[in-house]
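1. all I have is the shape, not the residue letters:
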């Protein structure tokens, strides 16, 4: 009798705790029909609909089909996995998905989910069809990832009631939802988690023409006049990334306001980019430091990522995730089994003389 009473008390206590977690989490739901006041000073530059989202044509076409089919069946969209470097629009596309579905949008990041009860509190309060976005999903803790497996497949949560010999697991049903996971490191996402996503889309860097269109759209939202040739020059200097393009646009707007009449011209853009130390390829100060370090300190390479990061005083993750992808895309460095190697194109861009023996001066592993 005493054992039954204790079990009942434990059950009541855990249910109360679970309810408190749910109530706290419910205050952070972002509704699709309630406008956000983020970036109200400049107006939100993020598109709200697929038709407004410029670039990534194949992703847009496929996602449009999947969203329309889900709406016609009146079902939640299948779980969506977005892969790509930072700044290409993964979060924006997740929010657009919620708007197109007419669903609520809930945002969090993997590091913010510290304990399983954090995830339980969120999922127990969402409305049916909610789009739940987890950024940097490769950083999920194993215990939370295990809980997410069941939630994605069965739309239930495993919850432990009681302690010790009286402990037991109960399954709590949750509304059907769409999980959108975004990552910059797809290789670090476990295979069991990857296979639970029904839709997998990979982002590519944007072309100069696509970025120029994005810049002109953003300029219109910011009530800023811009010449076509200035927009194209900014696009060429934006590392193939909309986030960088919008950042450059805001700075050119400042220069145009201070040095001109507010209109962004080619001359204003050229002078502004020089002041920001951004060259014609979009390379910034640290990009050139990386290339010069490999050339001057390591004879053009090969050099390991850890050694290179130390030589320029930057974190290895930042080097590999932010700087290297664009340098490789531009054909300025190569990744080899022995390390990073600078290409002849990098010497030419930096105005240095290239020696064919530069990269062969390093001894072999077997010498």
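-> Thanks, I have it. From a predicted model like this one, the values you see are computed outputs, not experimental measurements.
2. now for residue 60, how many residues are close by?
-> Residue 60 has 17 neighbours, counted by other C-beta atoms under 10 Å. Placement of C-beta: from N, CA and C, glycine included.
3. pLDDT value on it, please?
-> Listed pLDDT for residue 60 reads 90.
4. tell me which element it falls in.
-> helix 57-73 (DSSP states H and E).
5. relative to the helix or strand that that helix is followed by, what are the paired strands and their orientations?
-> Using DSSP H and E, the next helix or strand after helix 57-73 towards the C-terminus is strand 80-83. Partner strands for strand 80-83, per DSSP bridges, with pairing direction: strand 178-183 (parallel), strand 199-202 (parallel).
6. with respect to burial, which of those strands scores highest?
-> strand 178-183 (a mean of 25; mean count of other C-beta atoms under 10 Å).
7. the stretch 151-300 of the chain: helices as residue ranges?
-> Counting by DSSP state H, counting those that start in this stretch, the stretch 151-300 of the chain has helices at residues 191-194, 208-221, 228-236, 242-259, 266-275, 285-298.
8. make JSON lines out of those helices and add mean neighbour count.
-> Formatted as JSON lines, those follow (neighbours: other C-beta atoms under 10 Å):
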{"stretch": "helix 191-194", "mean neighbour count": "13"}
{"stretch": "helix 208-221", "mean neighbour count": "20"}
{"stretch": "helix 228-236", "mean neighbour count": "21"}
{"stretch": "helix 242-259", "mean neighbour count": "19"}
{"stretch": "helix 266-275", "mean neighbour count": "16"}
{"stretch": "helix 285-298", "mean neighbour count": "18"}
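9. and the gap between the nearest residue to residue 236 once chain neighbours are set aside and residue 239?
-> Nearest in space to residue 236, with sequence neighbours left out and distances taken as C-beta to C-beta, 6 or more residues apart in numbering, is residue 208 at 5.3 Å. Residue 208 is 11 Å from residue 239, where distance means C-beta to C-beta, to the nearest Å.
10. and if you look at residue 232?
-> Per C-beta to C-beta, residue 232 is found 15 Å from residue 239.
11. repeat for residue 229
-> Taken as C-beta to C-beta, the span from residue 229 to residue 239 is 19 Å.
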